[in-house]
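**Q** what follows is a predicted structure for the sequence shown.
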Amino acid sequence: MAGKKKSAHASIEAMYRVFTVPEAPDSTLSRVDQDISRNLAGFLQEHIVAVERDLSEVEKNFAESAVPEKPIFVSEQAQFLLDKLVANSVHTASPSFIGHMTSALPYFMLPLSKIMIALNQNLVKTETSKAFTPMERQVLGMIHRLVYQEDGAFYRKWMHDPSHALGAMCSGGTVANLTALWVARNHAFPAEGSFRGLHQEGLFRALKYYGHEGAAILVSRRGHYSLRKAADVLGLGRDSLVAVDTDNDNRIDTDALRDKCLQLQKQKIKVMAICGIAGTTETGNIDPLDAMADIAREFGAHFHVDAAWGGPTLFSREHKHLMKGIEKADSVTFDAHKQLYVPMGVGLVVFRDPALASAVEHHAQYIIRKGSRDLGSTTLEGSRPGMAMLIHSGLKILAREGYEILIDQGIDKAQSFAEMIENHPEFELITRPELNILTYRYCPDLARQALAVANPLQAERLNTALNRITKFIQKTQREHGKAFVSRTRLEPACYHHFPCIVFRVVLANPLTTADILRDILSEQQQLAKEEDIRDEIEILHQHARITLAEHNPKARQA
């Protein structure tokens, strides 16, 4: 007869045990901990199921809305997490996962994260963070120096000055961008005369006092959607984020930017901020930051650079010239959980002028009093974990030389993959990598020949067929679970700006090899031969043959 299953009970003794006594060495939780410690990559490969499962099926595991009345054992929950959560998670550390800005992490981040979690410091105030606050200030100082290259005396003066902050630690690039534009907004409408400042009286009174009809933030059409969120949250309205046209290399057109600024000025709209991008999300391109800085200065606008992706390029002696002009920015955003290889989610913003952050300073008698060293006075978020510890560890353990290697090999790999695509008869490179992001699509040689001579209507038919095929390949490859590339939609000038669906590849994972990239292309090539897409392939070939015949009289006669 089977023994009766042991059940957990809630009691003061049980609560005490949960908070103080570790799990037995043979428990599921202890086994998981040991497996991860021995071989993280092996653990992930064993437990994360490769084949894509429909999310509606996964949702059934999380359908109950009532909080359980009775407790369960930690080992039971650990097993549930393995079976239902881990098994249905995304293997973002896989070297074949090259579709998003998420990579494998340095292994040391795992045990060091345990220290951070165990200490459970709250960076809002020194009373709950102690040494974590000066460490966070040091991290902000290190990134500030990477960007602005001030001398040692500057950092000795400002890095630990309780009345100033060189930046703000945030939960990610979205909050970092919002913080930068929050500072920009308050600086654009300062206290003057009878007006006590926008931060005190609000946007409506600020515009009225300064004689403006509105305020605008300008960014290229490749700007991250977080900037639109910021315009919304700051009370400007989403329409106040003005998108400026880009050139054929997805970089902002500076002539169009200046014209737009003049136009807004005539309309009595304050050009509050101009945002440059150092590593666009879709294509990895870098705006002409130097020229943008000059335009921002001309119109008295705050110059912000969203370097969430490309900022660490500054570690590379070979490639940092691509970032020329970033040192002129009033503020710069970094996402540490991208190319600083830190776990989700932490970002930061640094300010060229140590006094800038005072524009958003807040105090409270019980927690962040004026004159204290607390960093919570200039951050949007209140309670924050000590993620700066992990950035600090990365900057010390990998150092500039290590990050330089990671950046250089990622860019080299992207260039090699671009060459691989260009030499392949069934794929077309859409955007050449400037950093380590590129886009391409399925486009066999016959279709490319047709597109080379097609008129706008013919090109539209060909590209529509290619869109359906590229989308099918991307979705099917993801479902098969061996590899993952993402997809996006671009409007290439060579195709009359028709929206084209393309594969998007991000090559930041140092474990991704040339052989893996060749295998990804090979799988995509095979997927184009599947029965489910055969009709679309035939339609593409028909359009291509008709187009070529119309432009080749001999072929038409034949």
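**A** Right, received. Where do you want to start? Fair warning: this is a prediction, and the values are worked out from it, not measured in the lab.

**Q** partners of the host helix or strand of Lys270, with directions?
**A** Secondary structure from DSSP states H and E places Lys270 in strand 269-277. When pairs are called by DSSP bridges, strand 269-277 turns out to pair with strand 214-220 (parallel), strand 302-306 (parallel).

**Q** which is the next helix or strand following it?
**A** helix 289-298.

**Q** go through the strands paired with strand 269-277 and pick out the most buried.
**A** With neighbours defined as mean count of other Cβ atoms under 10 Å, those peak in mean count at strand 302-306, which reaches a mean of 28. Quick note: C-beta positions are derived from backbone N, CA and C, even for glycine.

**Q** whichever helix or strand comes after it packs against which elements?
**A** Beyond strand 302-306 in the direction of the C-terminus, DSSP H and E gives the next helix or strand as strand 331-335. Judged by 3 or more Cβ pairs under 8 Å, 6 or more residues apart in numbering; DSSP states H and E, the packing partners of strand 331-335 are helix 173-188, strand 302-306, strand 347-351.

**Q** can you tell me what sits against strand 331-335?
**A** If you take Cβ atoms under 8 Å, 6 or more residues apart in numbering as the criterion, strand 331-335 is touched by 101, 143, 147, 172-173, 176-177, 180, 183-184, 302-309, 311-312, 326, 340, 346-352, 356.

**Q** what segments of the chain are strands?
**A** Taking DSSP state E to define them, one finds strands in the chain at 167-170, 214-220, 241-244, 269-277, 302-306, 331-335, 347-351, 427-431, 437-442, 486-490, 500-506.

**Q** quick one, which of these gets closest to Arg228.
**A** strand 241-244 (5.0 Å; Cβ to Cβ).

**Q** given the closest one, what are its sheet partners and their directions?
**A** strand 214-220 (parallel).

**Q** local confidence estimate at Leu406?
**A** Listed pLDDT for Leu406 reads 94.

**Q** next, count neighbours for Ala159.
**A** In this structure residue 159 is Met, not Ala. 19 (other Cβ atoms under 10 Å).

**Q** likewise for Tyr209?
**A** By other Cβ under 10 Å, neighbour count at Tyr209 equals 17.

**Q** next, the contact list for it, please.
**A** Phe189, Glu192, Phe195.

**Q** what about it, distance to Met420?
**A** Here Tyr209 is placed at a distance of 59 Å from Met420 (Cβ to Cβ, to the nearest Å).

**Q** and Ala273, bridged to which residues?
**A** Here Ala273, judged by DSSP bridges, has bridge partners Ile217, His302.

**Q** what comes up buried for stretch 121-128?
**A** Judged by neighbour count using 16 or more other Cβ atoms under 10 Å, the buried positions of stretch 121-128 are Gln121, Asn122, Leu123, Val124, Lys125, Thr126, Thr128.

**Q** average pLDDT for that stretch?
**A** Mean predicted confidence for stretch 121-128 is 74.

**Q** repeat that for stretch 416-426.
**A** 96.

**Q** do stretch 176-191 as well
**A** 93.

**Q** buried ones among the contacts of Tyr209?
**A** Phe189, Phe195.

**Q** pLDDT weak spots in the stretch 401-550 of the chain?
**A** For the stretch 401-550 of the chain, applying pLDDT under 70 flags no range at all.

**Q** between the contacts of Tyr209, which is nearest Arg545?
**A** So of those, ranked by how close each gets to Arg545 (Cβ to Cβ), first place is Phe189, at 62.2 Å.

**Q** still on that earlier bit, identify whichever of the strands of the chain lies nearest to Arg317.
**A** strand 331-335 (18.9 Å).

**Q** direction included, what does the closest one pair against?
**A** Per DSSP bridges, strand 331-335 is paired in its sheet with strand 302-306 (parallel), strand 347-351 (antiparallel).

**Q** those strands: which one's closest to Gln542?
**A** strand 302-306 (43.9 Å).

**Q** tell me what angle that closest one forms with helix 173-188.
**A** 170 degrees (axes from the mean of the first three to the mean of the last three Cα atoms, to 10 degrees).

**Q** number of residues surrounding the residue lying closest to His392 once chain neighbours are set aside?
**A** In this structure, His392 finds its nearest non-sequential neighbour in Val139, 5.2 Å apart by Cβ to Cβ, 6 or more residues apart in numbering. Applying other Cβ under 10 Å, we find 25 residues neighbouring Val139.

**Q** Glu23 is nearest to which of the strands paired with strand 269-277?
**A** Short answer: strand 302-306, nearest of the strands paired with strand 269-277 by Cβ to Cβ, at 43.5 Å.

**Q** can you tell me what sits against the closest one?
**A** 173, 177, 180-181, 183-184, 187-188, 219, 223-224, 227, 272-278, 289, 292-293, 296-297, 326, 328-333.

**Q** any chance of the strands of the chain in TSV, with distance to Ser27 too?
**A** Below are these laid out as TSV (distance: least, Cβ to Cβ, whole Å):
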stretch	distance to Ser27
strand 167-170	36
strand 214-220	52
strand 241-244	52
strand 269-277	49
strand 302-306	45
strand 331-335	36
strand 347-351	36
strand 427-431	50
strand 437-442	43
strand 486-490	38
strand 500-506	38
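
**Q** ok, which of those strands comes nearest Leu40?
**A** strand 500-506 (21.1 Å).

**Q** quick check: Phe97 touching Ala483?
**A** Yes - the criterion here is Cβ atoms under 8 Å, and Phe97 meets it with Ala483 at 7.5 Å.

**Q** got any residues that touch both of these two?
**A** By Cβ under 8 Å, 6+ apart, no residue touches both Phe97 and Ala483.

**Q** contacts only, for the residue nearest to His392.
**A** Val139 neighbours (Cβ under 8 Å, 6+ apart): Met169, Leu348, Ala388, Ile391, His392, Leu395.

**Q** so what's the residue count around Arg400?
**A** Each residue near Arg400 was counted by other Cβ under 10 Å, and the total is 14.

**Q** what of Phe503?
**A** 26.

**Q** can you check Asp445 too?
**A** Applying other Cβ under 10 Å, we find 13 residues neighbouring Asp445.

**Q** how near is the closest residue to Ala24 other than its chain neighbours to Ala87?
**A** Distance criterion Cβ to Cβ, 6+ apart; nearest residue to Ala24, sequence neighbours excluded, is Ser30 at 6.5 Å. As judged by Cβ to Cβ, Ser30 and Ala87 stand 20 Å apart.

**Q** ok, Leu262 next?
**A** Distance from Leu262 to Ala87, by Cβ to Cβ: 57 Å.
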